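Trainee: quick one: sequence and predicted model below, then my questions.
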Amino acid sequence: MINKSIGAVLAAALGAFLPMTANAALPGSELSLCWAIPFAGILLSIALGPLLFAHFWHKNYGKIALGWAILSAVPLFVFYGSDTSIHALAHALLGDYVPFIIFVGSLYIVAGGIHLKGSFVGKPKLNTTFLLTGAVLANFMGTTGAAMLLIRPLLSANRMRRYQMHTYIFFIFIVANIAGSLTPLGDPPLFLGFLRGVTFFWTAQHLWEVTGLAVGMLLVIYFLLDSYLYRKELKDNEELKKPAGNIPVGFEGVVNFVLLALIIGAVLLSGFWKSGVEYEFLGNHFKLESLVRDGIFVLAAILSLVLTKKEYRDANQFSWEPILEVGKLFFGIFVTIVPVLEMLRAGSSGAFAPVVALVSDANGQPINAAYFWLTGMLSSFLDNAPTYLAFFNLAGNDPTFLMTGGAHTLMAISMGAVFMGAMTYIGNAPNFMVVSIVQNRGVRMPSFFGFMAWSYGILVPIFLVLTYIFLM
């Protein structure tokens, strides 16, 4: 009797995953919301793990990610067979995850070999210049690369300042997030869009005005705030009145600028070169130009490790842990998102029909403001790269149409994924990295919800203005 009861419970639990009918492909319209549980689980783990059980999470996040991946993959093999499951997982891992992690990793390694030295004093004009410089560099080095390059010299420049917290909050807003929206190099979601067929210069062509306005407003607000606080502490802080040191401003590890140019060239090459040569593996097709691009990324990373002096990376406090964490967590994300993307691709006939209804009007036309805010809200608390993919699929998964007739929709999705990663510490990978570095230097940063008070108070009004001007 007990065995029968256990069997009945297991059958009922597994039955939630069963499709309505058998099908050779992975039918998104037949998948229930239960298939999204592993995806939601890993994203909630990423959001809450570091907050609720930090020590356990730090030691076991890779195992947790693998566990959620297994919970997603095993039912695929059980209910859809090996051919369908292998094809779907190979497309996600070999087609998206591997190029993504190679790209992010190569940028991280190359940027980590560039050390900015010099004597800086954290006055309002200099700090604002740092933020503006980071905004420009984010589109060539990625938000992670630009943030890692500039955060330590910015910390050194402000070491004598009493009021520092606001500087690093705005650094996260601008350099680690919003500014990196003009090229596929800037932020991981845009690179995934590039892999899906969005051309290299599309984002710059369509987002330069909205990005420029957002960054411009933030720089003005920051400069006024920092000027007020600087004058306030200048009265009784004698250290601020002392002249700067005599260390000349300069870069060490300049060979990495050449390697960075090599990475940029590889991205451009894969976008313009159409070889017509494809290779098939596990049911998926891989273009020669994409394989060459990824090979150049790997070569640039290896050359950076070989040619950069160890002391330059030591000066940057270079560590492998951040990129290892990204690699492990994103493996789980890219596996668990497979059924979710199929459900979104099913549109109004799938389990996410209510979400589809929110971003479409009665005539089936996209509501671009809804795309912006929904993509943004999920990017704030989950992760902006898979969120971008999810809404890209929801909008039709057709890059040719989205770049032309659906340009405002793709613009809204891109804005939401990149801009609103700044809303929380967990919205984008560089956010936590910046916070960790700043706190290790003994500078107090706001709590998770304290940071949200800053972001909601400053960013939400700006985003409302951008919505009215560009998306209504």
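Mentor: Received, thanks.

Trainee: please make it C-alpha for all contacts and neighbour counts, starting now.
Mentor: Fine.

Trainee: tally of neighbours for residue 454?
Mentor: Here the number of neighbours of residue 454 (other Cα atoms under 10 Å) works out to 17.

Trainee: scratch that, residue 42
Mentor: Residue 42, neighbours per other Cα under 10 Å, totals 26.

Trainee: residues touching it, list them.
Mentor: When the contact criterion is Cα atoms under 8 Å, 6 or more residues apart in numbering, the partners of residue 42 are 64, 65, 68, 332, 333.

Trainee: I'd say residue 433 and residue 320 touch.
Mentor: No: here residue 433 does not reach residue 320: they are 12.0 Å apart, not a contact under Cα atoms under 8 Å.

Trainee: which of the two has more neighbours?
Mentor: residue 433 (18 against 10).

Trainee: pLDDT value on the nearest residue to that one once chain neighbours are set aside, please?
Mentor: Closest residue to residue 433 apart from its sequence neighbours, by Cα to Cα, 6 or more residues apart in numbering: residue 322 at 7.3 Å. Looking at residue 322, its pLDDT reads 78.

Trainee: let's number from 32 now, not from 1
Mentor: In the new numbering, first residue 32, that becomes residue 353.

Trainee: residue 353 reaches residue 463, doesn't it?
Mentor: No: using Cα under 8 Å, residue 353 makes no contact with residue 463, being 9.4 Å away.

Trainee: among the contacts of residue 73, which are in helices?
Mentor: Mapping the contacts of residue 73 onto helices (DSSP state H) picks out 95, 96, 99, 363, 364.

Trainee: just checking, next helix/strand downstream of the strand or helix carrying residue 357?
Mentor: For residue 357, the host element (DSSP states H and E) is helix 352-376. Following helix 352-376 in sequence order, the next helix or strand is helix 384-389 (DSSP H and E).

Trainee: now that next one: buried residues?
Mentor: residue 387 (16 or more other Cα atoms under 10 Å).

Trainee: quick one: mean pLDDT over that helix.
Mentor: 82.

Trainee: what sits up against that helix?
Mentor: By Cα under 8 Å, 6+ apart, helix 384-389 touches 378, 379, 398, 401, 425.

Trainee: just stretch 76-95 next, same as before
Mentor: 73, 356, 359, 360, 412, 413, 457.

Trainee: quick check: chain neighbours aside, which residue is closest to the second one?
Mentor: Okay, so that is residue 356. residue 93 (7.5 Å).

Trainee: next helix or strand past the one helix or strand that neighbour maps to?
Mentor: Using DSSP H and E, residue 93 sits within helix 85-123. Going down the chain from helix 85-123, the next helix or strand is helix 129-142, by DSSP H and E.

Trainee: just the mean pLDDT for that next one, thanks.
Mentor: Here the average pLDDT along helix 129-142 is 86.

Trainee: give me the buried positions along it.
Mentor: Buried residues in helix 129-142 (16+ other Cα under 10 Å): 130-142.
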